[in-house]
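[1] Sequence plus predicted model, see below.
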Amino acid sequence: MTASDAPAFCVHCGQRAPGGADHPACHNPRTALEPPRYCTFCARRLVVQVSPLGWTARCSRHGETASG
């Protein structure tokens, strides 16, 4: 992974976030339980599927992520 591949976008709003994942404006207890909505690498909308056991989120360019 190069510096250009480092996470740079908020997973909740898609805006630039230094350090990636989320930024202070979107970081609250409610969003901690929500699945990501935007790819942290390219800010594209994710295809999210939620089930009783967790969630999966897929970016058309960067692949799939699943809950833990």
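    It's in.

[2] which residue packs closest to the spatially most central residue of the chain, ignoring adjacent ones?
    In the chain, the C-alpha nearest the mean C-alpha coordinate belongs to Val11, at 3.0 Å (CA atoms, centre = their mean). With CB to CB, 6 or more residues apart in numbering as the criterion, Val11 has its nearest non-adjacent residue at 3.6 Å, and that residue is Pro36. Placement of C-beta: from N, CA and C, glycine included.

[3] Let me see the backbone angles for the one you found.
    Main-chain torsions, Pro36, degrees, to the nearest 10: phi -70, psi 150.

[4] right, and it touches Val48 too?
    Yes - if you go by CB atoms under 8 Å, Pro36 and Val48 touch, sitting 7.4 Å apart.

[5] Residues contacting stretch 54-68, please?
    35-37, 39, 41-42, 44, 46-49 (CB atoms under 8 Å, 6 or more residues apart in numbering).

[6] Can you show me the CA trace of the lowest-mean-pLDDT helix or strand in the chain as PDB?
    The weakest-scoring helix or strand in the chain, judged by mean pLDDT, DSSP states H and E, is helix 29-32 (a mean of 76). Listed next in PDB are the C-alpha coordinates belonging to helix 29-32 (Å, rounded to 0.1, in the frame of the first residue of the first chain):
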ATOM      1  CA  PRO A  29     -22.000   7.000  19.400                       C
ATOM      2  CA  ARG A  30     -24.800   6.500  16.800                       C
ATOM      3  CA  THR A  31     -22.400   6.300  13.800                       C
ATOM      4  CA  ALA A  32     -20.100   3.800  15.700                       C
END
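
[7] contacting residues around the closest residue to Tyr38 other than its chain neighbours?
    Ranked by CB to CB, 6+ apart and with sequence neighbours excluded, the top spatial neighbour of Tyr38 is Gly14, at 3.7 Å. Gly14 sits next to 37-38, 43, 45 when contact means CB under 8 Å, 6+ apart.
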